[in-house]
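K.L.:
Need a 3D model of the following:
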Amino acid sequence: MSSDEPTALLGTDSAVSPGEYIAQALAGCYAVTLAASATALGINLRAMAMDIEIDFDLRAFLGIETTTPAGARTIRAQVKLDAPDSSPEQLKKLMGLLEQRSPIRDTLTRAVEVITTLESL
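P.N.:
Predicted coordinates:
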């Protein structure tokens with residue numbers, strides 16, 4: 001997996017940024033979770049699409065601010081489904097299962113221990 005940053009952040013914009021990987025991970029996990037949950041509920045999904053937006057405040061990353069969190073402030077996921085035979089109640093239940101069962105959403109919404117070590121090459 002290659003990673004880069006936009007030129008404004010001294011990258012070459014030649015690959016996906018780490019923040020874009022987070023958005024893709026959430027969208028991919030949502031797609032799998034939606035498909036599995038819809039099948040379990042008997043919902044026929046003809047198509048789905050998602051728009052994921054992440055708000056970052058780069059002041060901590062750039063060393064300008066020490067009290068601002070370095071990570072994302074907000075992640076917005078807009079899910080669009082084509083399920084014409086489903087009732088609003090079924091789709092509401094599906095969305096509840098999505099938020100309950102998505103491993104990536106769960107990881108993003110709770111404190112997760114991250115252990116970083118250093119090793120010489």
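K.L.:
Can you show me the helices along the protein?
P.N.:
Here the chain has its helices, by DSSP state H, at 18-41, 88-101, 103-109.
K.L.:
which one of the ones you listed lies closest to residue 50?
P.N.:
For the helices of the chain, proximity to residue 50 was assessed by CB to CB; helix 18-41 is nearest, at 4.8 Å. The C-beta positions use only the backbone N, C-alpha and C, and glycine is treated the same way.
K.L.:
pLDDT score for the most centrally placed residue in the chain?
P.N.:
For the chain, the residue nearest the mean C-alpha position is residue 26 (2.8 Å; CA atoms, centre = their mean). We have a pLDDT of 98 for residue 26.
K.L.:
coming back round to it: would you format the helices of the chain as CSV with distance to residue 74 included?
P.N.:
Below are the helices of the chain laid out as CSV (distance: least, CB to CB, whole Å):
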stretch, distance to residue 74
helix 18-41, 12
helix 88-101, 16
helix 103-109, 11
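K.L.:
closest to residue 81 out of the ones you listed?
P.N.:
Between residue 81 and these, the shortest gap by CB to CB is with helix 88-101, which sits at 6.7 Å.
K.L.:
now that closest one against helix 18-41, angle please.
P.N.:
Angle of helix 88-101 versus helix 18-41, following axes from the mean of the first three to the mean of the last three CA atoms, to 10 degrees, is 130 degrees.
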